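Student: heads up, no residue letters with this:
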(Lines give C-alpha, C1' and ligand atoms only; values in the text may rest on other atoms or scores of the structure.)
Protein backbone atom coordinates (compact mmCIF):
# COMPACT_ATOMS: atom_id res chain seq x y z
CA UNK A 1 0.00 0.00 0.00
CA UNK A 2 1.41 3.37 -0.99
CA UNK A 3 0.51 4.93 2.36
CA UNK A 4 2.67 2.37 4.13
CA UNK A 5 5.65 2.86 1.84
CA UNK A 6 8.23 5.31 3.14
CA UNK A 7 11.83 6.14 2.32
CA UNK A 8 14.56 5.91 4.92
CA UNK A 9 14.50 9.69 5.27
CA UNK A 10 10.73 9.69 5.80
CA UNK A 11 11.01 6.92 8.37
CA UNK A 12 13.67 8.85 10.26
CA UNK A 13 11.38 11.88 10.26
CA UNK A 14 8.42 9.81 11.43
CA UNK A 15 10.46 8.35 14.25
CA UNK A 16 11.60 11.81 15.32
CA UNK A 17 8.02 13.12 15.35
CA UNK A 18 6.68 10.10 17.22
CA UNK A 19 9.38 10.32 19.88
CA UNK A 20 8.79 14.04 20.24
CA UNK A 21 5.07 13.41 20.71
CA UNK A 22 5.80 10.73 23.28
CA UNK A 23 7.89 13.25 25.20
CA UNK A 24 4.81 15.45 25.49
CA UNK A 25 4.77 17.62 22.37
CA UNK A 26 1.56 16.28 20.85
CA UNK A 27 1.66 18.90 18.11
CA UNK A 28 4.42 16.79 16.58
CA UNK A 29 1.71 14.33 15.58
CA UNK A 30 0.07 16.81 13.23
CA UNK A 31 2.23 16.16 10.12
CA UNK A 32 1.74 12.40 10.50
CA UNK A 33 -2.01 12.66 10.94
CA UNK A 34 -2.30 15.03 7.98
CA UNK A 35 -0.35 12.57 5.84
CA UNK A 36 -2.29 9.46 6.81
CA UNK A 37 -5.80 10.82 7.32
CA UNK A 38 -6.72 10.72 3.58
CA UNK A 39 -5.78 7.03 3.04
CA UNK A 40 -7.37 6.05 6.35
CA UNK A 41 -10.61 7.70 5.28
CA UNK A 42 -10.71 6.55 1.67
CA UNK A 43 -9.31 3.02 1.89
CA UNK A 44 -10.09 1.87 5.45
CA UNK A 45 -13.05 3.70 6.99
CA UNK A 46 -15.42 4.81 4.23
CA UNK A 47 -15.49 1.47 2.35
CA UNK A 48 -16.40 -0.32 5.59
CA UNK A 49 -19.16 2.11 6.55
CA UNK A 50 -20.52 3.42 3.27
CA UNK A 51 -21.68 6.69 4.84
CA UNK A 52 -19.53 9.78 4.49
CA UNK A 53 -20.75 11.58 7.62
CA UNK A 54 -20.22 8.52 9.81
CA UNK A 55 -16.83 7.89 8.22
CA UNK A 56 -15.75 11.46 8.97
CA UNK A 57 -16.76 11.02 12.61
CA UNK A 58 -14.83 7.77 12.84
CA UNK A 59 -11.77 9.38 11.24
CA UNK A 60 -11.83 12.19 13.83
CA UNK A 61 -12.24 9.66 16.62
CA UNK A 62 -9.36 7.60 15.19
CA UNK A 63 -6.98 10.55 15.06
CA UNK A 64 -7.96 11.71 18.54
CA UNK A 65 -7.36 8.22 19.92
CA UNK A 66 -3.97 8.05 18.19
CA UNK A 67 -2.88 11.27 19.88
CA UNK A 68 -4.24 10.12 23.22
CA UNK A 69 -2.50 6.73 23.06
CA UNK A 70 0.71 7.64 21.29
CA UNK A 71 2.73 6.54 24.32
CA UNK A 72 1.50 3.00 23.73
CA UNK A 73 3.04 2.92 20.27
CA UNK A 74 6.39 1.18 20.01
CA UNK A 75 8.63 2.19 17.13
CA UNK A 76 9.80 -0.87 15.19
CA UNK A 77 11.44 0.76 12.22
CA UNK A 78 8.20 0.84 10.25
CA UNK A 79 5.74 3.59 9.38
CA UNK A 80 3.07 4.39 11.97
CA UNK A 81 0.34 3.80 9.39
CA UNK A 82 -0.48 0.15 10.27
CA UNK A 83 -1.01 1.20 13.89
CA UNK A 84 -3.35 3.99 12.81
CA UNK A 85 -5.13 1.60 10.47
CA UNK A 86 -5.82 -0.84 13.29
CA UNK A 87 -7.25 1.92 15.46
CA UNK A 88 -9.53 2.93 12.58
CA UNK A 89 -10.72 -0.65 12.05
CA UNK A 90 -11.50 -0.95 15.75
CA UNK A 91 -13.56 2.25 15.59
CA UNK A 92 -15.46 0.98 12.56
CA UNK A 93 -16.18 -2.25 14.40
CA UNK A 94 -17.53 -0.25 17.34
CA UNK A 95 -20.00 1.52 15.06
CA UNK A 96 -21.21 -1.74 13.57
CA UNK A 97 -21.57 -3.29 17.01
CA UNK A 98 -23.62 -0.31 18.23
CA UNK A 99 -26.51 -1.23 15.96
CA UNK A 100 -26.29 -4.91 16.80
CA UNK A 101 -26.05 -4.30 20.52
CA UNK A 102 -28.96 -1.88 20.57
CA UNK A 103 -31.17 -4.60 19.11
CA UNK A 104 -29.87 -7.13 21.63
CA UNK A 105 -30.44 -4.75 24.51
CA UNK A 106 -33.99 -4.05 23.41
CA UNK A 107 -34.62 -7.80 23.33
CA UNK A 108 -33.01 -8.26 26.73
CA UNK A 109 -35.10 -5.51 28.28
CA UNK A 110 -38.25 -7.02 26.83
CA UNK A 111 -37.33 -10.44 28.19
CA UNK A 112 -36.82 -9.00 31.64
CA UNK A 113 -40.46 -7.90 31.73
CA UNK A 114 -42.65 -11.00 32.16
CA UNK A 115 -45.66 -11.35 29.90
CA UNK A 116 -49.14 -10.56 31.11
CA UNK A 117 -50.63 -12.96 33.61
CA UNK A 118 -53.24 -15.45 32.51
CA UNK A 119 -56.57 -13.76 33.36
CA UNK A 120 -57.86 -17.11 34.60
CA UNK A 121 -55.01 -17.45 37.11
CA UNK A 122 -55.70 -17.25 40.81
CA UNK A 123 -55.53 -13.83 42.53
CA UNK A 124 -52.37 -14.96 44.35
CA UNK A 125 -50.69 -15.94 41.08
CA UNK A 126 -51.65 -12.64 39.50
CA UNK A 127 -50.28 -10.72 42.49
CA UNK A 128 -46.98 -12.62 42.36
CA UNK A 129 -46.65 -11.95 38.62
CA UNK A 130 -47.28 -8.24 39.15
CA UNK A 131 -44.66 -8.14 41.90
CA UNK A 132 -42.20 -9.86 39.57
CA UNK A 133 -42.85 -7.33 36.82
CA UNK A 134 -42.33 -4.49 39.29
CA UNK A 135 -39.05 -6.01 40.50
CA UNK A 136 -37.68 -6.46 36.98
CA UNK A 137 -38.76 -2.98 35.97
CA UNK A 138 -37.00 -1.58 39.05
CA UNK A 139 -33.84 -3.49 38.11
CA UNK A 140 -33.85 -1.96 34.64
CA UNK A 141 -34.58 1.52 36.03
CA UNK A 142 -31.76 1.17 38.56
CA UNK A 143 -29.28 0.25 35.83
CA UNK A 144 -30.40 3.20 33.70
CA UNK A 145 -30.22 5.59 36.66
CA UNK A 146 -26.56 4.70 37.11
CA UNK A 147 -25.67 5.97 33.63
CA UNK A 148 -24.74 9.52 32.76
CA UNK A 149 -27.44 11.71 31.26
CA UNK A 150 -26.33 11.42 27.62
CA UNK A 151 -26.21 7.63 27.85
CA UNK A 152 -29.69 7.51 29.40
CA UNK A 153 -31.03 9.84 26.75
CA UNK A 154 -29.52 7.82 23.91
CA UNK A 155 -31.10 4.61 25.21
CA UNK A 156 -34.43 6.33 25.91
CA UNK A 157 -34.69 7.83 22.42
CA UNK A 158 -33.49 4.85 20.41
CA UNK A 159 -34.60 1.80 22.40
CA UNK A 160 -37.58 2.97 24.41
CA UNK A 161 -39.16 5.54 22.11
CA UNK A 162 -37.75 3.71 19.05
CA UNK A 163 -36.95 6.91 17.19
CA UNK A 164 -34.91 6.80 13.99
CA UNK A 165 -31.16 7.21 14.36
CA UNK A 166 -31.32 10.50 12.48
CA UNK A 167 -33.93 11.90 14.88
CA UNK A 168 -31.96 10.70 17.92
CA UNK A 169 -28.86 12.41 16.58
CA UNK A 170 -30.80 15.62 15.91
CA UNK A 171 -32.15 15.75 19.45
CA UNK A 172 -28.71 15.18 20.92
CA UNK A 173 -27.24 17.72 18.48
CA UNK A 174 -24.65 15.32 17.09
CA UNK A 175 -24.09 13.57 13.78
CA UNK A 176 -25.57 10.13 13.15
CA UNK A 177 -22.12 8.59 13.30
CA UNK A 178 -21.40 10.19 16.65
CA UNK A 179 -24.78 9.00 17.92
CA UNK A 180 -23.97 5.44 16.86
CA UNK A 181 -20.77 5.54 18.88
CA UNK A 182 -22.57 7.15 21.83
CA UNK A 183 -25.29 4.50 21.78
CA UNK A 184 -22.71 1.73 21.61
CA UNK A 185 -21.02 3.08 24.72
CA UNK A 186 -24.36 3.61 26.46
CA UNK A 187 -25.43 0.02 25.76
CA UNK A 188 -22.10 -1.32 27.00
CA UNK A 189 -22.40 0.71 30.20
CA UNK A 190 -26.00 -0.43 30.72
CA UNK A 191 -25.17 -4.09 30.19
CA UNK A 192 -22.30 -3.83 32.69
CA UNK A 193 -24.59 -2.34 35.34
CA UNK A 194 -27.42 -4.73 34.50
CA UNK A 195 -25.17 -7.67 35.26
CA UNK A 196 -24.27 -9.27 31.92
CA UNK A 197 -21.35 -11.67 31.94
CA UNK A 198 -18.25 -11.00 29.81
CA UNK A 199 -19.40 -13.67 27.40
CA UNK A 200 -22.41 -11.55 26.54
CA UNK A 201 -20.16 -8.84 25.18
CA UNK A 202 -19.36 -10.72 21.97
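Tutor: Received, thanks. Predicted model, so just to flag it, every value in this text is computed and none were measured. Numbers count the residues shown, from 1 in each chain.
Student: show me how the record splits the protein into domains.
Tutor: Here the domain assignment for the chain is 2-95, 97-201, based on automatic domain parsing.
Student: which one of those has the lowest average pLDDT?
Tutor: Ranked by mean pLDDT, the domains of the chain bottom out at domain 97-201, with a mean of 68.
Student: quick one: the helices in this protein, in order.
Tutor: Shown for the chain, the helices assigned by DSSP state H span residues 8-22, 30-39, 46-49, 52-68, 81-112, 123-145, 149-155, 165-172, 176-194.
Student: can you list the neighbours in contact with the third one?
Tutor: Read that as helix 46-49. With contact meaning Cβ atoms under 8 Å, 6 or more residues apart in numbering, helix 46-49 is reached by 52, 55, 58, 89, 92, 95, 177. Using the backbone N, CA and C atoms, a C-beta is placed for each residue, glycine as well.
Student: most widely separated two among the residues you listed?
Tutor: With Cβ to Cβ as the measure, no two of the contacts of helix 46-49 lie farther apart than 52 and 89, at 18.0 Å.
Student: more crowded one of the two?
Tutor: For the pair residue 52 and residue 89, the greater number of neighbours falls to residue 89 (16 against 12), based on other Cβ atoms under 10 Å.
Student: with adjacent residues omitted, what lies nearest to the more buried one?
Tutor: Spatial nearest neighbour of residue 89, chain neighbours left out: residue 44 (6.5 Å); criterion: Cβ to Cβ, 6 or more residues apart in numbering.
Student: surely that neighbour meets residue 88?
Tutor: Yes - contact criterion Cβ atoms under 8 Å: residue 44 and residue 88 qualify, at 4.8 Å.
Student: centre-most residue in the protein?
Tutor: For the chain, the residue nearest the mean C-alpha position is residue 181 (3.7 Å; Cα atoms, centre = their mean).
Student: surely it is in contact with residue 57?
Tutor: Yes - using Cβ under 8 Å, residue 181 is in contact with residue 57, at 7.1 Å.
Student: what about residue 33, how many neighbours?
Tutor: Residue 33 has 17 neighbouring residues, counting by other Cβ under 10 Å.
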